[in-house]
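> Below is the sequence, then the predicted model.
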Amino acid sequence: MKKNILPTLLTACLAVWMSSCELKDNLDPVGQWNFTSPVLLSPNNGASVILDEANPLNRIDFEWDAAVSDAGYLVTYSLLLVNPESSDSESFLFKTSSANNGRATQVSPTYQQIDQALSAAGYEAGIEVNLQWRVVATCMDKTTHAERAIVLKRFATEAIPLSLYLTGSATEAGESAANAISMRALKDADGNPANVFEVYTSFKSSGTYRFLAMPSQESVAYGASGGALAKAGPAISTPGEGTWRIIVDFNTNTYSLLKIDKWSLVGNGVPGGWGGDVPLAYIGNGIWRGVVDFIDDENETPRFIFRANGDWAYNIKQIQGTANEVYMESQAASAGLSLQDVEIPQPGRHIVTLNLSGDKYLFSTEVDNSVTPPSSVPETLFLLSGTDVVAQLVKNGSRFESDVYLALQSSLHYSFNSKEDGSGTTYNLAGLLGETDNPGGDKPAGVVSFGEGGQVFTVARNQAYKLTVNFETANVSWHHYNMKLFHWADWDSRNEFVMEYKHPYIFEVTAQLNSGHDMKFNSPWDVEFGADDPQALSGSMTNKGGSNFKCITESGNYKVRIEVANDFSEGTYQFVKQ
């Protein structure tokens, strides 16, 4: 039997229409409609409340009857404490929204919250303050309000602010209190306020600054007097142009500044290793950023830390159990935090950001895609200098490696090509091969991104380089050795004479050598050349073999020269007295 569905459809449509009439939302167009003010209920007008310091979590109940929109639109509420003598209609000492996303008609702040707000506004401890409590109702683009007088007596003991802001003509944000820079509130191991605030920022060469308890012209301001914090004290003169860390400690009523010349990366995963220093640039608002070529350390997990001013006393590490939060190592114990080095997700060129602003300090590493990665892995790869073949690299999956150390010169131009005659795909580098902040290290190393292109590249300095070209990560890893002549009678007080590289595979140094001393040629500790005949002034030597050199029988100044094989397995040496 066929059923007539028309009555059912009409009933459903009617229900939807009726529902839409009952539940109007704020998407309806604004028309001619009225909006009544809320009716205040409690506390009474002119009520006096003593904020009981012994019971700081007791509450004041502010209650009101709802404001009404005759169009049925949604109404939300905020409670404000205001100075009745203020001419600024936007100014307030305390503000909070009601519960239920602002729909409730009651707010119950604690005595402590209100006392903190009064302290931040500059009212002294223990005094009575004549204020107004104001309920602001908002509906669509309309607002209305009602207000009553109230007298509040502050705690007898001065409150330490729960928040702090930096402002002034010398700061990045300028003199507007509304734009004041938020400082980080430090906490103790139990998560309680430590009464210490911190900010990383920059100062101008002239001007002054001060601290505010809230970002408002109504806020109490802290200046300095006699080198100590002073409530409502004189503004503080700029320490000078540059970036700084400021710490304000209300436990000792002091403030201190540390000039930040640089934030850098150190670690086995960055060029220069733990003895290196790869700086980031300050870009403003407590943020440092730079491009870093991360190294693929074959011996251990590549990692790094942040260090200020090259000083090990100012290290920032990752908070254990977090994705990207960091903390100053010297402050971690008092905050109950455990830290770890930052592990590098993958080698190659990355954009590294250190964000020392806000309540959490963060870092990020982002792959730098400024070069176009290679589209495929070629079957062969050659290092060319003009039309000359310097070397054919050995393929191992998506990697190509030089099986020996290649003696490259800064005066020549090089390119990688998939064909021996240079007719294949050419690959260009995004940076200078061999460039490092630690060229004098024992084993300088780095990573340079590469992609397809027709540009040639150069090397930073003459040296014998070991290369790995990784098509999966689109980077070229390199390292070379700097050689030293170790010279000792007592090992702990040995001399380490740095040798100068001469193209190709030659290292030289002129040094004062003593009769009867032991010697070795080292790039500790990968390369350790011992003598095949330790008494001879010239001869052959072996890496990880031979004996200590004992060939100096007459003390004096000697020119020392070694020439190594292209795999550093062996070499020859010569000592010539000058």
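Arrived safely. Residues are numbered from 1 along each chain as shown.
> Centroid-nearest residue for this protein?
In the chain, the residue lying closest to the centroid (CA atoms, centre = their mean) is L354, at 1.3 Å.
> Just give me the neighbour total for P373.
Counted with other CB atoms under 10 Å, the neighbours of P373 add up to 16. From N, CA and C alone the C-beta is placed, and that goes for glycine too.
> separation between it and F294?
16 Å (CB to CB, to the nearest Å).
> same thing with S398?
18 Å.
> These two: which is more packed in?
Taking neighbours as other CB under 10 Å, S398 and F294 compare with F294 leading, 29 against 13.
> doesn't L212 make contact with A178?
No. Between A178 and L212 no contact is recorded; they are 10.4 Å apart, counting by CB atoms under 8 Å.
> Could you check which of these two has the larger neighbour count?
Neighbours were counted for A178 and for L212 using other CB under 10 Å; L212 has more, 24 against 10.
> quick one: the more buried one and N179 touch, right?
No. L212 is beyond contact range of N179, at 11.0 Å (criterion: CB under 8 Å).
> who touches both of the two?
T167 (CB atoms under 8 Å, 6 or more residues apart in numbering).
> quick one, helices of this protein?
Applying DSSP state H to the chain gives helices spanning 6-22, 99-102, 111-120, 329-332.
> what about the last one, distance to the chain center?
Between the mean C-alpha point of helix 329-332 and the mean C-alpha point of its chain there is a distance of 16 Å (CA atoms, centre = their mean, to the nearest Å).
> Also stretch 104-120?
The answer for stretch 104-120 is 35 Å, by CA atoms, centre = their mean.
> hmm, who's touching that stretch?
Outside stretch 104-120, the residues that touch it by CB under 8 Å, 6+ apart are 38, 51-53, 55-66, 77, 79, 81, 93-94, 96-99, 125, 129, 152, 154-155, 158-159, 161-163, 212-214, 219-220.
> do you know how far D359 is from G286?
From D359 over to G286 (counting by CB to CB), the distance is 12 Å.
> Looking at those two now, which is surrounded by more residues?
Between D359 and G286, counted using other CB under 10 Å, the more crowded position is G286 (22 against 9).
> as a whole number, average confidence for stretch 481-498?
The predicted model gives stretch 481-498 an average pLDDT of 97.
> Could I get the buried residue list for that stretch?
Applying a neighbour-count criterion of 16 or more other CB atoms under 10 Å, one finds Y481, N482, M483, K484, L485, F486, H487, W488, R494, N495, F497 buried in stretch 481-498.
> who touches the fifth one in this structure?
Yep, that's L485 we're talking about. So L485 contacts N495, E496, F497, M499, V509, A511, M519, K520, F521, V560 (CB under 8 Å, 6+ apart).
> now, among the residues you listed, which is nearest to P534?
Checking the contacts of L485 against P534 by CB to CB gives M519 as the nearest, at 8.9 Å.
> The closest residue to the closest one other than its chain neighbours and M541: what is the separation?
Spatial nearest neighbour of M519, chain neighbours left out: F549 (3.9 Å); criterion: CB to CB, 6 or more residues apart in numbering. Distance of F549 to M541, computed by CB to CB: 8 Å.
> More neighbours: which of these two?
For F549 versus M541, neighbours defined as other CB under 10 Å are more numerous around F549 (28 against 24).
> Just to check, the more buried one is in contact with D533?
No. At 9.4 Å, F549 does not count as touching D533 under the criterion of CB under 8 Å.
> Mind checking which of the contacts of stretch 104-120 are in strands?
Secondary structure from DSSP state E places 62-65, 77, 79, 81, 94, 96-97, 129, 152, 212 of these in strands.
> From these, which shows the smallest pLDDT?
At the low end of pLDDT for the ones in strands among the contacts of stretch 104-120 is F94, which has 92.
> tally of neighbours for that one?
Using other CB under 10 Å: F94 sits among 19 other residues.
> Let me see the contact set for it.
Neighbour list for F94: L79, L80, L81, P109, Q113, I114, A117, L118 [criterion: CB under 8 Å, 6+ apart].
> any chance you could map the strands in the stretch 451-578 of the chain?
Listed in chain order, the strands of the stretch 451-578 of the chain (DSSP state E, counting those that start in this stretch) span 463-470, 475-479, 484-488, 495-498, 500-502, 506-513, 518-523, 527-531, 538-543, 556-564, 570-577.
> partners of the longest one in the sheet?
Spelled out, that is strand 556-564. Using DSSP bridges, the strands paired with strand 556-564 in its sheet are strand 506-513 (antiparallel), strand 570-577 (antiparallel).
> possible to save these as CSV with mean pLDDT?
Output for these, formatted as CSV (pLDDT from 0 to 100):
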stretch, mean pLDDT
strand 506-513, 98
strand 570-577, 98
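> Out of these, which is closest to V404?
strand 570-577 (12.7 Å).
> Buried residues, that closest one. List them.
In strand 570-577, counting by 16+ other CB under 10 Å, buried: G571, Y573, F575.
> I'd like those residues laid out as CSV, including distance to E343.
As requested, the buried residues of strand 570-577 are exported to CSV (distance: CB to CB, whole Å):
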residue, distance to E343
G571, 38
Y573, 42
F575, 46
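> Of the residues you listed, just say which sits nearest to L467.
G571 (20.9 Å).
> residues touching that closest one, list them.
Here G571 is in contact with Y505, F521, F529, S540, M541, N543, I562, E563, V564, A565 (criterion: CB under 8 Å, 6+ apart).
> Turn those into a markdown table, including pLDDT.
Output for those, formatted as a markdown table (pLDDT from 0 to 100):
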| residue | pLDDT |
| --- | --- |
| Y505 | 98 |
| F521 | 98 |
| F529 | 98 |
| S540 | 98 |
| M541 | 98 |
| N543 | 98 |
| I562 | 98 |
| E563 | 98 |
| V564 | 98 |
| A565 | 98 |
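> Of these, just say which sits nearest to A430.
Of these, the one sitting nearest to A430 (CB to CB) turns out to be Y505, at 28.4 Å.
> which residues sit in contact with the closest one?
Residues near Y505 by CB under 8 Å, 6+ apart: Y405, A407, A464, E563, V564, A565, N566, G571.
> Is it possible to mark the buried ones in those?
Members of those classed as buried by 16+ other CB under 10 Å are Y405, A407, A464, V564, N566, G571.
> Just the pLDDT at the third one, thanks.
On the pLDDT scale, A464 is placed at 98.
> Any regions of the chain where pLDDT drops low?
1-31, 87-89, 369, 454-455 (pLDDT under 70).
> one more time with 80
By pLDDT under 80, the low-scoring segments of the chain are 1-31, 86-90, 218, 296-299, 345, 348-349, 368-372, 453-455.
> any idea how it splits into domains?
39-153, 165-259, 263-367, 382-479, 484-577 (automatic domain parsing).
> Turn those domains into JSON lines, including distance to W33.
Output for these, formatted as JSON lines (distance: least, CB to CB, whole Å):
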{"stretch": "domain 39-153", "distance to W33": "4"}
{"stretch": "domain 165-259", "distance to W33": "33"}
{"stretch": "domain 263-367", "distance to W33": "41"}
{"stretch": "domain 382-479", "distance to W33": "62"}
{"stretch": "domain 484-577", "distance to W33": "82"}
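> Please name whichever of those domains is nearest to Q32.
domain 39-153 (8.9 Å).
> quick one on the thing from earlier: now the contacts of F94: which count as buried?
Applying 16+ other CB under 10 Å to the contacts of F94 flags L79, L80, L81, P109, Q113, I114, A117, L118 as buried.
> Quick check: nearest residue in space to the first one, chain neighbours excluded?
Once flanking residues are discounted, L79 sits nearest to V107: 4.4 Å by CB to CB, 6+ apart.
> I'd like to know the beta-bridge partner residues of that neighbour.
F62.
> S216 versus that one, what's the distance?
From V107 to S216 the distance is 20 Å (CB to CB).
> Equivalent analysis for F92, please.
Counting by CB to CB, the gap from F92 to S216 is 8 Å.
> Out of the two, name the residue with the larger neighbour count.
Legend: neighbour count by other CB under 10 Å for F92 and S216, higher for F92 (23 against 19).
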